[in-house]
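Trainee: output the structure for:
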Amino acid sequence: MDRKKLGNVFQSVLIRLFAAFIIIVAVFSVLFFLTQHYYLKTLTQNEISNTYLSFSKSVDTIDRYFNQMKYTFAEVSMDSSMYAVTERKPIQSYEHTQMVETMRACVFARSQNEFAPYIETLFIVTPLTNQVIIESTGTYLRDSFFSQHYINPLYNDGFWQGEMQKDFVFKTYPVDEYTSVRNAVVSNRMLTPVAYKHPANNNFIMVSLVDICKMLTDIFGENKPDIIIYNNEGEIVYPKTPKFDAGALGFSEQTNSAKAKDGYVLKRATAVNGLVYYGYYPSSGILYKVENSRVIFLLAYLLTLAIAISLAALFAASFNRPVKQIIDEINNNNLFKEKIGSDLKSLRFIKDSIRFLISQNTDYLSDINKKDSILKSIFLQSRMRDIYVSIDDVESQINISGSFAIIYMRVNYKDTFYSYLQEESGKATFFLKQLIELYLENIDIEATTFQIENDQIVSVLNVEPDFEGIGELVRSIVSKLENESEYAFFTVVASDVHDDISGIKSIYDRMYELSKYAKPAMETQILTEGEIKQGAGRFYFSVEQMEKLSATLQNDTQENGVRIFNEILDYNIKKDVNGFDLYLLCTEIVNCAVKLVNRLFHATPQSLNIASVYAQLDKAVTLEQYRRICEDFLIKVMEYIKANKREEDYIINFILDYVENHYSEDIYLNLFAEKLKLTAAYISSYFKEKMNVNLSDYINSFRIKKAVALIENPQNKNKDIASMVGLQNINTFIRLFKKYTGYTPGEYRKKHFNEM
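Mentor: Numbering: from 1, shown residues only. Predicted coordinates:
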């Protein structure tokens with residue numbers, strides 16, 4: 001063999017090996033920069049996500065404040081002191097005082113009301129037949145209130161009279177400037193009106209003016225971004241003059257962020273009142289870590305490049321011996337002697353020879369094949385993903401040229417669905433949505449069908465203005481779903497024919513609320529917008545039943561407590577209450593238990609998790625769900641009462657004992673103030689906070705309870721009974737008796753004797 005030729009091949013191998021190392025370094029440099037780009041992009045997204053989490057956390061705090069506000073206003077509206085405005089009758093001066101005390105005690109006197117420091121005022125607007133405005137600081141003449149105390153060209157008396165007639169429960173309005181003229185001093189404040197209406201009563205509207213500027217500053221702190229807040233009607237709630245146009249930006253569905261000039265805008269929608277928040281953050285604040293990482297990447301690359309080149313030279317030199325050994329092996333192997341010649345001028349001969357040697361190792365090939373089969377199996381895996389839309393996106397995805405109707409369907413999955421099919425409810429709803437969409441196409445109905453969340457299907461139908469076949473169409477759709485009754489039942493609501501597609505969000509909200517009016521049964525039900533008449537709840541939960549339930553929860557066994565609750569529930573079911581009435585009844589039963597705990601311990605323990613109970617009731621559909629939620633909560637209340645020692649309270653105990661022993665005498669607030677050496681205002685507020693009921697209501701309720709026992713004796717006359725319980729005015733006695741029992745004394749006497 002030509003040794004010189006073999007040496008030339010050896011040198012060629014070293015040169016090409018070094019060149020190969022340099023190419024590898026170049027390739028890895030490209031990969032390095034691609035990795036850097038990907039990492040910085042990911043880091044940027046992470047920083048935006050972290051900022052969004054901080055932004056979202058602050059929005060959740062605002063959301064919590066508004067949620068507290070909503071439930072507190074609901075509590076005020078259902079208090080017995082609101083009897084005059086709910087019955088649309090002339091309001092007496094003493095009733096003014098009761099309402100003012102209720103608002104103060106429920107809203108401003110509770111330490112757990114985080115929203116209270118931001119409420120500038122709270123007032124009740126009644127129909128024009130009443131000439132006063134009832135505010136949390138007192139009562140004012142209607143004209144002077146809007147022309148001196150809170151002057152605003154938009155939010156005046158006429159505006160709130162109009163809002164009183166609209167269909168909503170809790171609503172936030174755009175911020176505006178209010179002028180106040182008091183004691184010759186003029187002050188201006190930017191305030192946001194928030195209004196509450198009882199869902200079953202439009203005789204009054206409760207309005208609070210919120211200092212949202214201070215609220216946002218306190219919640220976001222020093223890093224407060226530029227913020228824009230929209231309400232569910234697309235109005236800008238805050239600020240008065242936006243600093244950027246949120247509507248012109250395109251937001252990512254994954255991060256709810258959009259690139260804006262010199263920064264990013266983050267978007268967050270909330271459940272309370274449909275508020276949508278936008279926050280602008282400058283790039284300098286978000287991308288600080290990204291720029292630092294870019295510098296670190298560059299320094300790391302330069303250092304790595306220097307090390308790689310050095311190692312390339314070192315590796316090439318270190319390959320001297322093994323390459324020489326490979327060439328010697330080939331030269332000494334008889335299998336390759338015939339191939340030695342011109343092929344030695346290149347590396348092809350060496351490459352082919354090494355490949356031939358490797359091919360002889362069958363075990364190695366077997367391992368490679370096993371690895372290949374594992375890799376192939378990975379790429380054969382796949383999974384299905386669910387596709388949902390938000391109701392806010394529906395309007396932009398449909399093409400309605402004229403009139404339209406909506407079919408809203410809520411899918412209620414049974415236990416058999418989860419135990420037998422073992423599927424996610426969102427996927428099942430997706431298949432049902434596809435089925436309905438196909439059915440509508442087959443009967444030539446032009447419609448667009450959407451899936452909203454895991455359990456809602458909405459079809460928007462393009463119809464003629466005089467279309468009357470919606471009921472028949474819904475029944476035909478439901479008939480197609482009869483085979484699914486083993487696994488699910490449906491609550492279907494059909495709307496009237498509408499013309500303005502821009503109002504589809506409010507129509508959907510109405511369909512969602514109407515679905516709650518279904519009977520609390522595990523069966524498919526069809527409701528129509530025109531058939532349902534919304535009004536006051538028709539459930540029965542008397543004062544006598546409340547006291548009986550409270551006494552049982554406090555002193556009896558769990559079995560009896562659950563039994564009393566079920567008696568109340570079953571009585572109402574026999575009266576054929578709908579789902580909405582049942583929701584109101586269960587809410588009142590939970591309220592009764594909460595009031596009992598407050599009266600015993602002067603606080604609401606966090607371990608009872610009352611907010612979670614209300615949330616569960618809001619999602620309940622069937623009678624069994626309502627029964628289970630209430631039973632579990634009442635058992636927890638009884639366990640808590642049994643496990644905890646009642647807190648002694650000198651003021652409360654004195655008042656309760658005094659009323660017990662002197663209810664037939666004249667009892668008034670200043671009397672307690674004299675005996676306890678405290679101010680009347682403090683005693684009133686303290687009693688309301690601890691007992692969750694006005695002092696006057698407690699005294700009157702106690703007296704009527706005693707009157708009920710006396711009236712069952714036919715020898716006792718109404719006038720005598722009134723005097724015996726401390727009510728000298730017979731008209732006042734009759735009014736209070738009906739208020740707390742639901743009957744006049746004569747009606748109650750007749751009912752009692754008939755039942756006997």
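Trainee: what is the burial count for Leu656?
Mentor: Around Leu656 there are 16 other residues, counting by other Cβ atoms under 10 Å. (Each C-beta comes from the backbone N, C-alpha and C, glycine too.)
Trainee: so for it, what's the pLDDT?
Mentor: Predicted confidence (pLDDT) for Leu656: 86.
Trainee: now do the one 10 residues further on
Mentor: Model confidence at Asp666, expressed as pLDDT, equals 89.
Trainee: equivalent analysis for Asn729, please.
Mentor: Value for Asn729, per-residue pLDDT: 89.
Trainee: would you list the phi and psi of Thr139?
Mentor: With angles defined as degrees, to the nearest 10, Thr139 sits at phi -110, psi 140.
Trainee: how about Phe539, secondary structure?
Mentor: Put simply, Phe539 is coil when judged by DSSP: H, G, I helix; E, B strand; the rest coil.
Trainee: what comes up buried for the helix or strand encompassing Met99?
Mentor: Using DSSP states H and E, Met99 maps to helix 93-103. For helix 93-103, the neighbour count (16 or more other Cβ atoms under 10 Å) marks Glu95, His96, Thr97, Gln98, Met99, Val100, Glu101, Thr102, Met103 as buried.
Trainee: flag the least confident of these.
Mentor: Within the buried residues of helix 93-103, lowest confidence goes to Glu95 (76).
Trainee: report the contact partners of that one.
Mentor: Residues near Glu95 by Cβ atoms under 8 Å, 6 or more residues apart in numbering: Ser81, Tyr83, Ala84.
Trainee: let's see 6 Å
Mentor: Glu95 makes contact with Ala84, according to Cβ atoms under 6 Å, 6 or more residues apart in numbering.
Trainee: the stretch 551-700 of the chain: helices as residue ranges?
Mentor: Listed in chain order, the helices of the stretch 551-700 of the chain (DSSP state H, counting those that start in this stretch) span 558-574, 579-601, 610-619, 623-643, 650-662, 669-676, 680-691, 695-711.
Trainee: need these in JSON lines (columns: distance to Arg189).
Mentor: What follows is the helices of the stretch 551-700 of the chain, written out as JSON lines (distance: least, Cβ to Cβ, whole Å):
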{"stretch": "helix 558-574", "distance to Arg189": "47"}
{"stretch": "helix 579-601", "distance to Arg189": "34"}
{"stretch": "helix 610-619", "distance to Arg189": "31"}
{"stretch": "helix 623-643", "distance to Arg189": "42"}
{"stretch": "helix 650-662", "distance to Arg189": "37"}
{"stretch": "helix 669-676", "distance to Arg189": "33"}
{"stretch": "helix 680-691", "distance to Arg189": "26"}
{"stretch": "helix 695-711", "distance to Arg189": "34"}
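Trainee: of all those, which one is nearest Gln161?
Mentor: Each of those was scored for nearness to Gln161 using Cβ to Cβ, and the closest is helix 579-601 (26.9 Å).
Trainee: can I get the CA coordinates of the helix holding Met99 in PDB?
Mentor: Output in PDB follows, covering the C-alpha atoms of helix 93-103 (Å, rounded to 0.1, in the frame of the first residue of the first chain):
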ATOM      1  CA  SER A  93     -91.900  60.100  58.700                       C
ATOM      2  CA  TYR A  94     -91.200  57.200  61.000                       C
ATOM      3  CA  GLU A  95     -90.800  55.000  58.000                       C
ATOM      4  CA  HIS A  96     -88.300  57.500  56.600                       C
ATOM      5  CA  THR A  97     -86.200  57.000  59.700                       C
ATOM      6  CA  GLN A  98     -86.400  53.200  59.500                       C
ATOM      7  CA  MET A  99     -85.200  53.200  55.900                       C
ATOM      8  CA  VAL A 100     -82.300  55.600  56.700                       C
ATOM      9  CA  GLU A 101     -81.300  53.400  59.600                       C
ATOM     10  CA  THR A 102     -81.500  50.300  57.400                       C
ATOM     11  CA  MET A 103     -79.200  51.800  54.800                       C
END
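Trainee: what helices or strands is the helix or strand just after that helix leaning on?
Mentor: Sequence-wise, the next helix or strand downstream of helix 93-103 (DSSP H and E) is strand 119-125. Judged by 3 or more Cβ pairs under 6 Å, 6 or more residues apart in numbering; DSSP states H and E, the packing partners of strand 119-125 are strand 132-135, strand 205-210.
Trainee: who does the longest one pair up with?
Mentor: For strand 205-210, the paired strands and their directions (DSSP bridges) are strand 119-125 (antiparallel), strand 185-196 (antiparallel).
Trainee: next one: the first one
Mentor: The strands that strand 132-135 pairs with in its sheet are strand 119-125 (antiparallel), strand 138-141 (antiparallel) (by DSSP bridges).
Trainee: so what touches the longest one?
Mentor: Contacting residues not belonging to strand 119-125 are listed as 103, 107, 133-136, 160, 191, 204-211 [Cβ under 6 Å, 6+ apart].
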